[in-house]
Each structure stands twice: as C-alpha cells, then as structure tokens.
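> how would this look folded up:
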Amino acid sequence: MADPMEQFEVKPVVEIAPVNVPGLGLVDLSITNSTVAMFVAATIVVLFFAIVTASPKVVPGRLQVVGEGMFSFIDDLATGIIGSQGRAFFPFVFTLFIFILAMNMLGMFTVFTATAQLAVALTFALMTFLLVIVVGFAMHGLGFLKLFAPSGVPWYMLLFVVPIEVISFFLRPVTLSLRLFGNMLGGHVAMKVFAGFIVSLGAVASAGGVAYLAYVAAILAFGGVLALTALEFLVAFLQAFVFAVLTCVYLNDAVHAGDH
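Predicted structure coming up:
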C-alpha cells in the first residue's frame, strides 16, 4: 500500500540556487509543488472573476450567479458579524475565503493540497491575527486592551479572567491554522487509505478460490472512498467558510473592543 502521507511531501519543481539573506542565512527560493498549487488556485480565481465581470448582464448567466452569490454571501457574513463597519474588511475576508476554497477544491482534483500544509494555513492565520492587532490599536489605542478585561467582571475575578483571555487571544492563530490544516490533512489521508484497501484487496482476490471474497471487501472500500470524497467536497467548502467566519469574529472583537 502506498504511503498515505507521501501526497503531502513538498517537492521542488524548479530548483533555484539558495540566496543568502542577512539574519536568515540561506533561503531556498525553489518553486515547489506547493507554490504551483497556490499559483494555479490564484490563477483560477482571477480568471473566473475576470470572465464573470467582463460582460455582466441584467439577467445573469450561471457563472455570474455563482460569482455574485459568493460576493453577496461574504458581504452578508462580514456585515452580519462585524456590523456596518464590516464592509471595510470585506476585501480581506472575501480574498481569504475564495483563495482557501480554491486551494481546497483544487486538492480534490490534483495530487497536492496546499492547505494541508501547516505553513500555508499558519500564514493565513498570522495575517488575520496581525490585522486584528493593527485594527484594534488603530481604532482604540490602548483601549484595545479592554478586550482582555470584560466589563462587569468583579476585580478579584480579573486575576483569573485576564490571563485566560490573554492566552486564548494568542492561541487564536494556532487554533485557526490547525483547524484548516488538520481537517484537510485527515480527510485526504482517509481517502488514500481506503483507496489503498481497494488495490490490496483486489490483489488478494486475484489468487482465486476463497480469496474471491476479498472482492466483497474491496467493493465496500470503494463505497467508503465515494462517501469520503463527497464528504471532503463538503469539508473543503466548510473549512473555507469557517475560516472566514472566525476571521470576522476576531475582527469584530478588534472593532468593538470597548464593548467586550
């Protein structure tokens, strides 16, 4: 059976000589399969919206309906969670959602899923985390620190509440990235394992005789692959959606820190 983790191995596609960066040492700038997957996903997104917006119609066609639906979906999400100020963050949230969704879906049709790499998921999470900090201090100054001291809590309880709030705040990029990374990794591993069962059981059944019963197990494994594939398509969308939702929730904390 093939190693189910092999599909996540980052391999160079175009090797480029390392560059010496002061303070960082040698940095490998080779183009990897992860880089290619992200570039392809970004290209698909750009081409899709270029086609949709090239000749918009009063009575939209299928592609325009999909494009406008996603646009409206994230706009409603941002304004629904953050409020009227949420529209200012729409470009960021929408870009995150559509890019993650494109990478997740691309991974269903190719051998590499960029979002199943912790480094990729953590980068998106850190971008969100840093934006929350910048927005919080830009809008409230030191008043942003009220986020760690909820109003209405007795002073003696703050001794326990504040450390918990601080720890949970700095754990946000960790949990945000692990959620996306773990779900995409686990689903693809499960599909690979069940697919491997089909091949292995088919090889056993080829021996003939009683071994033909292995075909029954192979059929069941095939059904498992179909079910997991359908589930993974749903997970691919849900993980992009959850990432967008939590991004809006965290930005809402920054925008309304004084109301925490």
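> make it CA atoms for all contacts and neighbour counts henceforth
Fine.
> Just the C-alphas of stretch 29-41, formatted as PDB.
Only the C-alpha atoms of stretch 29-41 are listed here, as PDB (Å, rounded to 0.1, in the frame of the first residue of the first chain):
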ATOM      1  CA  LEU A  29      13.700  30.000  -3.400                       C
ATOM      2  CA  SER A  30      12.900  26.900  -5.400                       C
ATOM      3  CA  ILE A  31       9.500  26.600  -6.900                       C
ATOM      4  CA  THR A  32       7.800  23.700  -5.200                       C
ATOM      5  CA  ASN A  33       4.600  21.700  -5.900                       C
ATOM      6  CA  SER A  34       3.000  23.800  -3.000                       C
ATOM      7  CA  THR A  35       3.900  27.000  -4.800                       C
ATOM      8  CA  VAL A  36       2.500  25.700  -8.100                       C
ATOM      9  CA  ALA A  37      -0.800  24.600  -6.400                       C
ATOM     10  CA  MET A  38      -1.200  28.100  -4.800                       C
ATOM     11  CA  PHE A  39      -0.400  29.800  -8.100                       C
ATOM     12  CA  VAL A  40      -2.800  27.700 -10.000                       C
ATOM     13  CA  ALA A  41      -5.600  28.300  -7.400                       C
END
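> Report the buried residues of it.
33, 34, 35, 36, 37, 38, 41 (16 or more other C-alpha atoms under 10 Å).
> low-scoring stretches of the stretch 151-260 of the chain, by residue?
Within the stretch 151-260 of the chain, the stretches with pLDDT under 70 are 207-212, 258-260.
> quick revisit: just curious, which of the buried residues of stretch 29-41 is nearest to residue 155?
residue 38 (48.6 Å; C-alpha to C-alpha).
> and the closest one, how far is that from residue 229?
Per C-alpha to C-alpha, to the nearest Å, residue 38 is found 21 Å from residue 229.
> swap in residue 172?
For residue 172 relative to residue 229 (C-alpha to C-alpha), the value is 29 Å.
> mind listing what residue 239 touches?
Residue 239 is in contact with 101, 179, 180, 183, counting by C-alpha atoms under 8 Å, 6 or more residues apart in numbering.
> In the chain, where's the longest helix?
helix 214-255 (DSSP state H).
> Now distance to residue 94 and neighbour count too, for the contacts of residue 239, in JSON lines please.
Formatted as JSON lines, those follow (distance: C-alpha to C-alpha, whole Å; neighbours: other C-alpha atoms under 10 Å):
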{"residue": "101", "distance to residue 94": "10", "neighbour count": "23"}
{"residue": "179", "distance to residue 94": "19", "neighbour count": "17"}
{"residue": "180", "distance to residue 94": "17", "neighbour count": "27"}
{"residue": "183", "distance to residue 94": "21", "neighbour count": "17"}
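> okay, these in TSV with secondary structure and distance to residue 58 next?
Shown next, in TSV, are these (DSSP: H, G, I helix; E, B strand; the rest coil; distance: C-alpha to C-alpha, whole Å):
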residue	secondary structure	distance to residue 58
101	helix	27
179	helix	40
180	helix	37
183	helix	39
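> Of these, just say which sits nearest to residue 74.
Nearest member of the contacts of residue 239 to residue 74, counting by C-alpha to C-alpha, is residue 101, at 12.6 Å.
> Buried residues, the helix or strand hosting residue 191. List them.
Residue 191 is located in helix 172-205, with elements delineated by DSSP states H and E. If you call a residue buried by 16+ other C-alpha under 10 Å, then helix 172-205 has these buried ones: 172-174, 176-181, 183-185, 187-199, 201-205.
> ranges for the strands of the stretch 51-200 of the chain?
Remark: no strands are assigned in the stretch 51-200 of the chain by DSSP state E, counting those that start in this stretch.
> Where do the helices of it begin and end?
All helices of the stretch 51-200 of the chain, identified by DSSP state H, counting those that start in this stretch, fall at 62-82, 90-109, 118-140, 155-170, 172-205.
> Greatest separation within the contacts of residue 239: which pair is it?
Greatest spatial distance among those (C-alpha to C-alpha): 101 and 179, at 14.3 Å.
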